[in-house]
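Peer 1: Sequence and predicted structure are below.
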Amino acid sequence: MTHPYLFILNPNSGTSIGKNSAAVRERIHSVAKKNAGSAQILFTEEPAHATQLVREHMHAEKWKAIVAVGGDGTVNEIAKALVGTDIPIGILPLGSGNGLARHLGLPLTLDAALKRLFEGKPSTIDSAELNGIPFFCTAGMGFDAYVGHLFSQQKARGLATYVNVSFKAYWSYKPQLFRLNGVETQAFSLSFANAGQFGNNAWVAPQASLQDGLLDVCTISPFPQWYGTALAYGLFTKQLRQSTYINYQRATEALVETDTPPMIHYDGEPLQLDTTRIEVKIKPGSLNVII
Ligand SMILES: Nc1ncnc2c1ncn2[C@@H]1O[C@H](COP(=O)(O)OP(=O)(O)OP(=O)(O)O)[C@@H](O)[C@H]1O
């Protein structure tokens, strides 16, 4: 007997999924019929709804996978309910950044991603937590969180908006003081990489592995303004490691202390914390993903 797949679709992800969600649903049904037998498709109605849908439906069937149809935010909402269970997550990466899918080498078009989903096998990866908030791709504070916050206030999504917001933020942003494991660190940004990229192939930690039981902690030190272009080039060409302004550490956990509660992001979702103490830790081998 083949087990069914549960698809959870976020119509707010990416730039065009909302306008095409009926067509996406039809395509999933018809490809599933040819490959897997059956698929149930649910739509999210608001932020956090995907987590609720997983919790309501995860025990209703012996699912072959629960599939996130959207970007890293949707993956996060679904995966957090599947951590520690034996139900795999699948990913149809129709979001803006699609960092986890890109790190895993999953196809980015609907048909190719569906083919991979039905042919793929479950594999175990690490997940991580920041003050108990699960993340799967990257989390951090400083410039990335500031950009994540500004991006969330835009009506349009997608790479063009992201680049535009980052460029504007770059001129007004001031580096902040963090204590990373007791060491005072003036930083442009402080990132915790489970996967190697933020999304859109912005590789903050190209060497990061999802299966090593470790986080790659990336500190970008304050740099002269002329260096911004070289930094962006390094980010998109997997060459950040060579920069003198970058420091990497590998860790199973880290403690960050700040003077005021920081804005953070987890998988690109911004959040204003109400504490100055931030604990980050890895949860090795805690999630099954269809690859
Ligand atoms: N029905 C909905 N209406 C409005 N927002 C929603 C809905 N369902 C989910 N959301 C929110 O949409 C946001 C964006 O989703 P998602 O992160 O998947 O797409 P994205 O930002 O385009 O992609 P990426 O994170 O890969 O850049 C998430 O914060 C999620 O909580």
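Peer 2: Noted; the coordinates are in hand. Numbers count the residues shown, from 1 in each chain.

Peer 1: Which of the helices or strands spans Tyr170?
Peer 2: Counting by DSSP states H and E, the element that carries Tyr170 is helix 158-172.

Peer 1: likewise Leu177?
Peer 2: Using DSSP H and E, the element containing Leu177 is strand 176-180.

Peer 1: Surely Leu53 and Thr44 touch.
Peer 2: Yes. Under the criterion of C-beta atoms under 8 Å, Leu53 makes contact with Thr44 at 6.9 Å. (C-beta placed from N, C-alpha, C; glycine too.)

Peer 1: what's the overlap in contacts for those two?
Peer 2: Counting by C-beta atoms under 8 Å, 6 or more residues apart in numbering, the shared contacts of Leu53 and Thr44 are Ile8.

Peer 1: and the protein, which of its residues are near the ligand?
Peer 2: 10-14, 44-47, 49, 70-74, 95-98, 157, 199, 268-269 (C-beta under 6 Å from any ligand atom).

Peer 1: Could I have the buried ones of those residues as PyMOL selection syntax?
Peer 2: To isolate the buried ones among the residues of the chain next to the ligand in PyMOL, judged by 16 or more other C-beta atoms under 10 Å, type:
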select buried, resi 10+11+12+13+14+44+49+70+71+72+73+74+95+96+97+98+157+199+268+269
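
Peer 1: Go through the residues of the chain next to the ligand and flag which are in strands.
Peer 2: Residues of those located in strands (DSSP state E): 70, 269.

Peer 1: re earlier: buried stuff in the strand holding Leu177?
Peer 2: Buried, per 16+ other C-beta under 10 Å, within strand 176-180: 176, 178, 180.

Peer 1: quick one: the last one from Gly142, how far?
Peer 2: Which is Leu180. 11 Å (C-beta to C-beta, to the nearest Å).

Peer 1: on that earlier part again, let's test this: mean pLDDT of the helix holding Tyr170, rounded?
Peer 2: Mean pLDDT, computed over helix 158-172, is 87.

Peer 1: try stretch 187-197
Peer 2: Averaged across stretch 187-197, pLDDT comes to 98.

Peer 1: Give me the buried positions along that stretch.
Peer 2: In stretch 187-197, counting by 16+ other C-beta under 10 Å, buried: 187-197.

Peer 1: List the residues that contact whichever residue of the stretch 101-250 of the chain sits closest to the ligand.
Peer 2: The ligand sits closest to Arg157 of the stretch 101-250 of the chain, with a gap of 4.5 Å, by C-beta to the nearest ligand atom. Neighbour list for Arg157: 13-15, 96, 151 [criterion: C-beta under 8 Å, 6+ apart].
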